[in-house]
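Trainee: Sharing a sequence plus its predicted fold:
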Amino acid sequence: MGATRLKSWSGKTNAPASSQTKYLQRLGDRRTEVPATGETVKLVEAGNHAQGCIFRDGSHLWSEALEHRIDAISQRLDGFFIGRYDIRYSSADDLRAGSNFQIIELNGAASEATNIYDARNSLSFAYRTLFRQWELVFAIGAATDVVARRRRSCRCCGGSGAKPAHWSRRIRWPTDSHVHHHFLARRNGCALGVNRDEKLTRVAALPPSRLLLGGRTIVCPSEPNGGTWIGVNDAGATLRAD
């Protein structure tokens, strides 16, 4: 940064004006400070649009070793065929070698590739990425449906059923973190999840409990000051926050 003040530098990040305002609020009395050469100043704690995160395309971090490592992890997850991992790492070289990284979150088929939010990429790039994602999602859905039909057919005939095909083709996603909904199809229903927040300083939520609302029994976690982000009632209807 040289002799540039934090207040001046925060306005040169190509971030929206609302994000720049958040940066200045977080800096507080440091906004007039001149950082030392090479000093790193943290502006955002989590990869979240609302918190002012700037997304960057992580395609240059891909390697065969990393892909093999991610695929090996994914193979152990029953019912997971496509999605995005949010990870943290310290060294780009270690990450490319498929080592010394932490998985913060696993997102399902509906999670978008966050490199489409990189301002350096074009709108057409974003559309192509999303179209390719959903092309794969539908192809995998069709294939697993065929397997499920074969299993049901075998069981009706008294057989034990064919073992589901094991898919290894997955999308490589960038390494940014984000808030997402998670949906995983099961043989007898589904699993639905929503991560509440990624900010480490946020007050802890209250655990799930049973409540009576509108004549229905619901089960949901809750915020200390009221409200929830996911729940299910006794009719099987689910609610999740956008």
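Mentor: Cool, got the structure. Computed from a prediction, not measured in an experiment: that's the story for all the values here. Numbering: from 1, shown residues only.

Trainee: max-length helix in the protein?
Mentor: Longest among the helix segments of the chain by residue count, using DSSP state H, is helix 123-156.

Trainee: how about R202, phi and psi?
Mentor: Main-chain torsions, R202, degrees, to the nearest 10: phi -70, psi 140.

Trainee: Repeat that for A205.
Mentor: In this entry, A205 is assigned phi and psi values of phi -80, psi 170 (degrees, to the nearest 10).

Trainee: got a list of what it touches?
Mentor: Residues in contact with A205 (C-beta atoms under 8 Å, 6 or more residues apart in numbering) are R196, P221, S222, E223, P224. Every residue, glycine included, has its C-beta placed from N, CA and C.

Trainee: right, and the second one touches L211 too?
Mentor: This means P221. No: between P221 and L211 there is no contact under C-beta atoms under 8 Å: 10.9 Å.

Trainee: Could I get the buried residue list for stretch 118-134?
Mentor: For stretch 118-134, a neighbour-count test (16 or more other C-beta atoms under 10 Å) marks D118, N121, A126, T129, Q133 as buried.

Trainee: For the first one, which non-adjacent residue is spatially closest?
Mentor: Beyond its immediate neighbours in the sequence, the residue positioned closest to D118 (C-beta to C-beta, 6 or more residues apart in numbering) is D57, lying 4.4 Å away.

Trainee: Using the three-state scheme, assign A191.
Mentor: Per DSSP: H, G, I helix; E, B strand; the rest coil, the local secondary structure of A191 is strand.

Trainee: Please state the backbone phi and psi of G38?
Mentor: phi 90, psi -10.

Trainee: Pull the number of nearby residues for it.
Mentor: 6 (other C-beta atoms under 10 Å).

Trainee: can you check V41 too?
Mentor: Taking other C-beta under 10 Å as the criterion, the count of residues near V41 is 14.

Trainee: Give the helix, strand or coil label for the residue nearest to it when sequence neighbours are not counted.
Mentor: Take V41 and drop its neighbours on the chain: the residue closest to it by C-beta to C-beta, 6+ apart is P35, 5.6 Å away. Look at P35: counting by three-state DSSP, its state is coil.

Trainee: just for the chain, where's the confidence low?
Mentor: When residues are selected by pLDDT under 70, those of the chain lie in 1-19, 46-47, 49-51, 147-183, 185-187, 197-200, 241-242.

Trainee: what about the helices in it?
Mentor: 6-10, 17-27, 64-75, 92-96, 123-156.

Trainee: Rebuild these as a markdown table, extending it with distance to R216.
Mentor: Shown next, in a markdown table, are these (distance: least, C-beta to C-beta, whole Å):
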| stretch | distance to R216 |
| --- | --- |
| helix 6-10 | 48 |
| helix 17-27 | 38 |
| helix 64-75 | 37 |
| helix 92-96 | 47 |
| helix 123-156 | 31 |
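
Trainee: Ok, which of those helices comes nearest A113?
Mentor: helix 123-156 (5.3 Å; C-beta to C-beta).

Trainee: So which elements touch that closest one?
Mentor: Helices and strands touching helix 123-156, as assessed by 3 or more C-beta pairs under 8 Å, 6 or more residues apart in numbering; DSSP states H and E, are absent.
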